[in-house]
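**Q** below is the sequence, then the predicted model.
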Amino acid sequence: MKPSIKEVRGRKDLVRFIDFPEKLYSGVPQWVPALRSDEFTNFNPKKNGAYEYCESAQYLALDEKGDVVGRVAAIINHQANKVWNTATVRFGWLDFIEDRDVLEALLDTVAQWGRAHGCNEMKGPLGFTDMDKEGSLVEGYEHLSPFTCLYNYPYYDRLLSELGFDKDVDWTQKIVDIPAVLPDSFKFCDQIRERFGIRCAQPKSVWELNRKYGKSIFHMYNETFVPLFEFAPLTDKQIDMYLSTYVPILDKDFVAVVVDEHDNPVGFAFCVPSLSKAVKKSRGRLLPEGVFRILHALKHNDTLEALMIGVLPEYQGKGAALLLLEYVHKSCIRRGIKTMIMNPQLETNTKVQTLFDIYETKPFMRRRCYRKAL
């Protein structure tokens, strides 16, 4: 089928863009929608701080009846291109029916847009920044998707490969059964605290944690994630946006912050009880009942999603990460968490890949970024 391509212009088109996956994945129990409110924010230059250094255009693929059969966002992150000395156009928010012509039309449109902006290669699925969902699923289709990750049909990989897209990088995800007894490795934590003068902060609430360490943690994120694939530092506007978005759903028991003797943060770990079932049941809508389902899931849950972990370079290898894991593990035991799902980790990031070797881990999902020269 040769579709027509329509650029998203105005709210009506954007609603169709945002709502298409609900139609595409209707009846797929493993798929979890994004929050619609977050999706509208993503494509609002007045609200999404990434537009300070990114450009984007969104497109719909339409059949002969005018029905949506695919969508894609074209993105240029000028800051990342400068950091990595590349001229890359990203494709993200890619969804399409099982039809090679539809995919080809969407990605040809991204390629044309990229060439017009001076790009010579295309990569994706990627978002505006690393804080967005990225990586097409290539293994683990049988599992319920984490709320913070993409889900897609198996035919995505086949059709992307047929169109000449090669693997650029993979991210892997692991799952851990949380033992009721702390691992032996934690017996060294007292020595680490004494030798290096570091400890986990003990805030009374997540609001106190945010007030004392919120912005510092994201500035630390900018420093610790620099070497990672296609990374670009967040601006203060983006940091403010993410703090206002995530602080209300965070729990102090599952946000670990390691500080030095001067109470300066040197390491962090963000985890959150799984929201997948709550968001899926609410179809990505906060109203009328979505908010209550999410609040219930945050307090009554046996599964935790480990979103992000980082330690300043000068404290890596000194046990700061072990203190973070000890804090989270103790909270899991206290709160009845039985399972922890790791967020996607670059397969080449051996420091993080080996960090959880103190546990028995099982493969969960694998995600891929594809690349093609223009």
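**A** Good, I have the coordinates. Residues are numbered from 1 along each chain as shown.

**Q** quick one, strands of this structure?
**A** 4-7, 54-62, 68-77, 88-96, 121-124, 136-139, 166-177, 199-200, 255-259, 265-273, 303-311, 339-342, 345-346, 361-373 (DSSP state E).

**Q** adding distance to Q353, write the ones you listed out as a markdown table.
**A** For glycine as for every other residue, the C-beta is placed from the backbone atoms N, C-alpha and C. Listed next are those as a markdown table, based on distance: least, CB to CB, whole Å:
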| stretch | distance to Q353 |
| --- | --- |
| strand 4-7 | 40 |
| strand 54-62 | 29 |
| strand 68-77 | 25 |
| strand 88-96 | 25 |
| strand 121-124 | 22 |
| strand 136-139 | 16 |
| strand 166-177 | 8 |
| strand 199-200 | 23 |
| strand 255-259 | 19 |
| strand 265-273 | 16 |
| strand 303-311 | 12 |
| strand 339-342 | 10 |
| strand 345-346 | 6 |
| strand 361-373 | 10 |
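
**Q** looking at these, which is nearest to E326?
**A** Among the strands of the chain, the nearest to E326 by CB to CB is strand 199-200 (7.6 Å).

**Q** show me what that closest one pairs with in its sheet, parallel or antiparallel.
**A** When pairing is defined by DSSP bridges, strand 199-200 lines up against strand 255-259 (antiparallel).

**Q** okay, the strands of the chain in TSV with mean pLDDT, mean neighbour count and distance to Y242 next?
**A** As requested, the strands of the chain are exported to TSV (pLDDT from 0 to 100; neighbours: other CB atoms under 10 Å; distance: least, CB to CB, whole Å):
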stretch	mean pLDDT	mean neighbour count	distance to Y242
strand 4-7	98	14	28
strand 54-62	98	21	15
strand 68-77	98	24	16
strand 88-96	98	25	18
strand 121-124	98	22	22
strand 136-139	98	19	24
strand 166-177	96	17	20
strand 199-200	96	20	22
strand 255-259	96	25	13
strand 265-273	95	23	10
strand 303-311	94	21	11
strand 339-342	96	21	20
strand 345-346	93	20	20
strand 361-373	97	18	21
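
**Q** which one of those lies closest to Y246?
**A** Among the strands of the chain, strand 265-273 comes nearest to Y246, with 7.8 Å by CB to CB.

**Q** by how many degrees do the closest one and strand 303-311 diverge?
**A** 170 degrees (axes from the mean of the first three to the mean of the last three CA atoms, to 10 degrees).

**Q** can you list the strands that strand 265-273 pairs with?
**A** strand 255-259 (antiparallel), strand 303-311 (antiparallel).

**Q** nearest to G66, out of these?
**A** Here strand 303-311 is closest among the strands paired with strand 265-273 (CB to CB), at 38.4 Å.
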